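Q: What shape does this take:
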Amino acid sequence: MLAGRLVKLIEKNSEQLARELSEKVWNSPRCSDLRKVPADELQARTREIYQNLNNWLMDLTEAEVEQRYTELGARRAAQGVAYSHFLWAITATREHMTAFVQREGFSDTPMQLQGELELMHILAQFFDRALYFTAMGYERERTRIGTNLRRRRDDHQKVHA
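A: Have a look, this model is predicted:
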């Protein structure tokens, strides 16, 4: 299956892809809020998605993807990263991976093109779910933070009333 070979090629080139993506994200004004995240954490997260792509796409259940990405969304919210910047970084990851697949896909035959299209479809599904679950985690964390701030404010007003 060509899609599997392309995934292995992505994993094999994970360090280079992670480095290129990190540079792109760090230099984008659309992702500038990600500077609130420790650089080593961002680098590790970027490497993780490329190095373990086969697991993300083929082996993990939707529940596992949900857990990982809601946690990531909550973490970015707690770090004070604007969701639009976080969303752009995820979108940049998808675009970077898609460009690599298109560049390296070797679609010389209809069968190879079918494999490349299959991988593009699987990637799109994965990233759509990742975006949804990060939004869920982000929203929950922002709600929790807002609730805690209101409680503190209300408690403070009661003490000084």
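Q: Point out where the protein drops to low pLDDT.
A: 1-2, 105-107, 154-158, 160-161 (pLDDT under 70).
Q: Now do the helices in it.
A: 2-12, 14-26, 39-51, 53-54, 62-78, 83-104, 110-159 (DSSP state H).
Q: Looking at these, spot the one closest to S32.
A: helix 83-104 (6.6 Å; C-beta to C-beta). Placement of C-beta: from N, CA and C, glycine included.
Q: Please name every helix or strand in contact with that closest one.
A: Secondary-structure packing of helix 83-104 (3 or more C-beta pairs under 8 Å, 6 or more residues apart in numbering; DSSP states H and E): helix 2-12, helix 14-26, helix 39-51, helix 62-78, helix 110-159.
Q: Turn those helices into CSV, including mean neighbour count.
A: CSV is the format used below for the helices and strands packed on helix 83-104 (neighbours: other C-beta atoms under 10 Å):
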stretch, mean neighbour count
helix 2-12, 17
helix 14-26, 17
helix 39-51, 16
helix 62-78, 17
helix 110-159, 14
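Q: who wins for proximity to I90 among these?
A: So among the helices and strands packed on helix 83-104, helix 110-159 is nearest, using C-beta to C-beta, at 5.9 Å.
Q: which secondary structure elements does that closest one contact?
A: By 3+ C-beta pairs under 8 Å, 6+ apart, helix 110-159 packs against helix 2-12, helix 62-78, helix 83-104.
Q: Check what contacts the last one and list those residues.
A: Counting by C-beta atoms under 8 Å, 6 or more residues apart in numbering, helix 83-104 makes contact with 6, 9-10, 13, 17, 20-21, 24-25, 28, 30-34, 46, 49-50, 53, 73, 76-77, 116, 119-120, 123-124, 127, 130-131, 134-135, 138, all of which sit outside it.
Q: again, 6 Å this time
A: Applying C-beta atoms under 6 Å, 6 or more residues apart in numbering, the contact partners of helix 83-104 are 6, 9, 21, 24-25, 30-31, 33-34, 76, 127, 131, 138.
Q: repeat for stretch 139-150
A: Looking at what lies outside stretch 139-150 - C-beta under 6 Å, 6+ apart - the contacts are 74, 77-78.
Q: Next: stretch 64-71.
A: For stretch 64-71, with C-beta under 6 Å, 6+ apart as the criterion, the contacting residues are 129-130, 133-134, 136-137.
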